[in-house]
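Asker: Sequence first, then the predicted structure, then my questions.
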Amino acid sequence: KVSGGDDEIQQLQKALLDYLDENTEIDASLVFSRKFYVAQWFRDTTMETEKAIKSQKDEDSSEGTHHAKDVETTGQIMHRAESRKKFLRSIIKTAPSQFSTLKMNSDTVDYEDACLIVRYLASLRPFAQSFDIYLTQ
């Protein structure tokens, strides 16, 4: 059970990374999977931030009257992105031996839970959200 919002995503990501780290002795490919997920989430955060700022700049040039509101929104976007990046950087900097001491709820995540987390996080990706459009076309 996790709370809502961005914290929910980070808690799920951390639980998945804990599971992968815990099972690297069983399957060495999980080391690659863990690094891939961290890199992909970092890239996604950067891309989301760039898209949001670009769309706000486009709105600013077309409207111009809501400039103060947009600046606040840009600040919020940047703050959220920096907190996500800080979380991912802390994961990257943590050595695998130290990572085991930071585990939050890894004992409650088994293979089925990890699969469910992966499916949920994948459903949040842009391709999964627009799959019906691709299928229709």
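Answerer: It's in.
Asker: Please make it C-alpha for all contacts and neighbour counts, starting now.
Answerer: Noted.
Asker: Check the gap between Y19 and K85 for me.
Answerer: Relative to K85, Y19 is positioned 21 Å away (CA to CA, to the nearest Å).
Asker: Is R84 part of a helix or strand, or is it coil?
Answerer: Assigned by DSSP: H, G, I helix; E, B strand; the rest coil, the conformation of R84 is helix.
Asker: Name the nearest residue to the most centrally placed residue in the chain, sequence neighbours excluded.
Answerer: In the chain, the residue lying closest to the centroid (CA atoms, centre = their mean) is W41, at 4.4 Å. Of all residues beyond its chain neighbours, the one nearest W41 is L88 (7.9 Å), with distances taken as CA to CA, 6 or more residues apart in numbering.
Asker: by contact count, what packs against the helix or strand containing that neighbour?
Answerer: Following DSSP states H and E, one finds L88 within helix 67-93. Helices and strands touching helix 67-93, by 3 or more CA pairs under 8 Å, 6 or more residues apart in numbering; DSSP states H and E, are helix 29-62.
Asker: by contact count, what packs against the helix it packs on?
Answerer: Other helices and strands packing on helix 29-62, by 3+ CA pairs under 8 Å, 6+ apart, are helix 6-22, helix 67-93.
Asker: count of neighbours near I53?
Answerer: For I53, the neighbour count with other CA atoms under 10 Å is 19.
Asker: what's the distance between it and Q40?
Answerer: 20 Å.
Asker: what does F127 give?
Answerer: 14 Å.
Asker: Likewise for E82?
Answerer: From E82 to Q40 the distance is 16 Å (CA to CA).
Asker: between those two, which one's more packed in?
Answerer: Of the pair E82 and Q40, E82 is the one with more neighbours under other CA under 10 Å, namely 15 against 12.
Asker: that older thread, so which of Y19 and K85 has more stuff around it?
Answerer: A direct count of neighbours by other CA under 10 Å for Y19 and K85 places Y19 higher, at 23 against 18.
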